[in-house]
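*Asks:* give me a 3D structure for the following:
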Amino acid sequence: MSSIIISTPAGHMRLTSNGNALSEARFIEADISSNPQPHSSVTITEGTPDGTLLEAVDWLKAYFSGSDVPPAIPYAAKGSPFRRTVWEVLDSVPYGSTVSYGAIAAEVARRQGRATMSAQAVGQALGDNPICIFRPCHRVVAADGTLGGYSAGLSRKSYLLNLEKSHLS
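*Replies:* Here you go, the predicted model:
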């Protein structure tokens, strides 16, 4: 296992890899600072990265700069079969787009051959997502379009959504 702390325009994150895949990407501050620096760079502040972590840092540099984001890097997140299904559906939400908890629940239900699925269960699985930004749980909103919850803070969720929209315009 290898782990680093990085500084990003959205706050400090801990990135962890198992040597072959990213296993964690979490913000380590409760919420974004009141004055995010949109053009600040992504830098390593602590630790020595392995190849996977260097790839993750490069991916985040592209993400925050508005450059074409490289293809997804390999993930090794641990979770129940249900959580992994929710995260796989989440992976299909396009950059700059949003989707409702209910829409993800409907797709998970379809994949599992069920008539319905609880949007609240989906929300809980998203809250347990150990790979923020790479797995874009910030793109999931309530049915009425409001932001809903986000384990890394609602102001950070708003910041990330606005960042993506600004890169598309």
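
*Asks:* mind listing what the residue lying farthest from the centre of the chain touches?
*Replies:* Centroid-distance maximum for the chain: A115 at 27.9 Å, with Cα atoms, centre = their mean. Shown in contact with A115 (Cβ atoms under 8 Å, 6 or more residues apart in numbering): A109. The way it works is simple: take the backbone N, C-alpha and C, and place the C-beta from them, glycine included.

*Asks:* same deal with A105?
*Replies:* 116-119, 121-122.

*Asks:* and if we set it to 6 Å?
*Replies:* By Cβ atoms under 6 Å, 6 or more residues apart in numbering, the residues touching A105 are 117, 119, 122.

*Asks:* most neighbours, which of these?
*Replies:* V122 (27 neighbours; other Cβ atoms under 10 Å).

*Asks:* other residues contacting the strand or helix carrying that one?
*Replies:* Under the criterion of DSSP states H and E, V122 resides in helix 119-127. With Cβ under 6 Å, 6+ apart as the test, helix 119-127 has contacts from 83, 86, 101-102, 104-105, 137, 140, 151.

*Asks:* if you set the cut-off to 8 Å instead, what comes out?
*Replies:* By Cβ under 8 Å, 6+ apart, helix 119-127 touches 79, 82-83, 86-87, 90, 100-102, 104-105, 108, 137, 140, 143, 148-149, 151.

*Asks:* circling back to that earlier point, so which strand or helix has the residue farthest from the centre of the chain?
*Replies:* Using DSSP H and E, A115 falls outside every helix and strand.

*Asks:* also H12?
*Replies:* Counting by DSSP H and E, H12 is found in strand 11-17.

*Asks:* pLDDT of the helix or strand following that strand, averaged?
*Replies:* Per DSSP H and E, the first helix or strand lying C-terminal to strand 11-17 is strand 22-27. On average, the pLDDT along strand 22-27 is 96.

*Asks:* please shift the residue numbers so they start at 35 in all later answers.
*Replies:* That works, and once the first residue is 35, the last one we named lands at strand 56-61.

*Asks:* now for the helix or strand following strand 56-61, which elements pack on it?
*Replies:* For strand 56-61, the succeeding helix or strand toward the C-terminus, using DSSP H and E, is strand 77-80. When contacts are defined as 3 or more Cβ pairs under 8 Å, 6 or more residues apart in numbering; DSSP states H and E, strand 77-80 packs onto strand 36-42.
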